[in-house]
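Asker: I'll drop the sequence and a predicted model, then ask my questions.
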Amino acid sequence: MADLTDNPDVEATANRVDRGIGDVASLEPGDTNGWHSGPKADQVMAEKPVAFEGRGAKILVLRVRDEFRAFRNSCAHVGLPLERGMCDVEAGTITCPWHGFRFDSDTGECLSGPQCQLEPFPLRVTAGVIWVKPS
Ligand code: FES
């Protein structure tokens, strides 16, 4: 796997990512071996998920304590987007804005119903930029 810190596109990509928290944005291609660049880490606040698209996938990024998690931006109930979901930082949950299903923001496990879960994606932070590898 390529070392993203040596990627000259990382800083340029980071400079292109200039959007508000909670917005959905289509990014220009920023792929490196299946990893797609997302928001700057300091744009993702604990109470506000950030959504973006990369490699044909809709992606949701959450800040969980001092770490980040990425999931497919598709609620496990009927697949609606979660970027306007409510995050409870102390409980470590995100609640879907559509019908109220609650998910563990660390694992994506559904706390409202059995046998459903958000689909997690690998995530890394390089040079202050979040990179996600959608499946
Ligand atoms: S789509 Fe999320 S609870 Fe229904």
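Answerer: Cool, got the structure.

Asker: burial measure for residue 98, as a count.
Answerer: Other residues within reach of residue 98, judged by other CB atoms under 10 Å, total 15. No exception for glycine: its C-beta is placed from N, CA and C like everyone else's.

Asker: Give me the nearest residue to it, chain neighbours excluded.
Answerer: If you skip the residues right next to it in sequence, residue 98 has residue 80 as its closest partner in space, 4.7 Å away by CB to CB, 6 or more residues apart in numbering.

Asker: my read is that neighbour is in a strand, agree?
Answerer: No: note on residue 80: no strand contains this position according to DSSP: H, G, I helix; E, B strand; the rest coil, which reports coil.

Asker: which residues pair with the residue nearest the centre of the chain across the strands?
Answerer: When the chain is reduced to its mean C-alpha position, the nearest residue by CA atoms, centre = their mean turns out to be residue 61, at 1.8 Å. Beta-bridge partners of residue 61, counted by DSSP bridges, are residue 50, residue 70.

Asker: Spell out which parts of the protein neighbour the ligand.
Answerer: Neighbours of the ligand within the chain, by CB under 6 Å from any ligand atom: 75, 77, 78, 80, 96, 98, 99, 100, 101.

Asker: List just the nearest of the residues you listed to residue 134.
Answerer: Using CB to CB, residue 75 is the member of those that sits closest to residue 134, with 16.6 Å.

Asker: before we move on, the earlier item: give me phi/psi at the residue nearest to residue 98?
Answerer: With angles defined as degrees, to the nearest 10, residue 80 sits at phi -80, psi 160.

Asker: Then residue 45?
Answerer: The phi and psi torsions at residue 45 (degrees, to the nearest 10) take the values phi -100, psi 150.

Asker: In this structure it contacts residue 64, no?
Answerer: No: Residue 45 sits out of contact with residue 64 when judged by CB atoms under 8 Å, with a separation of 11.7 Å.
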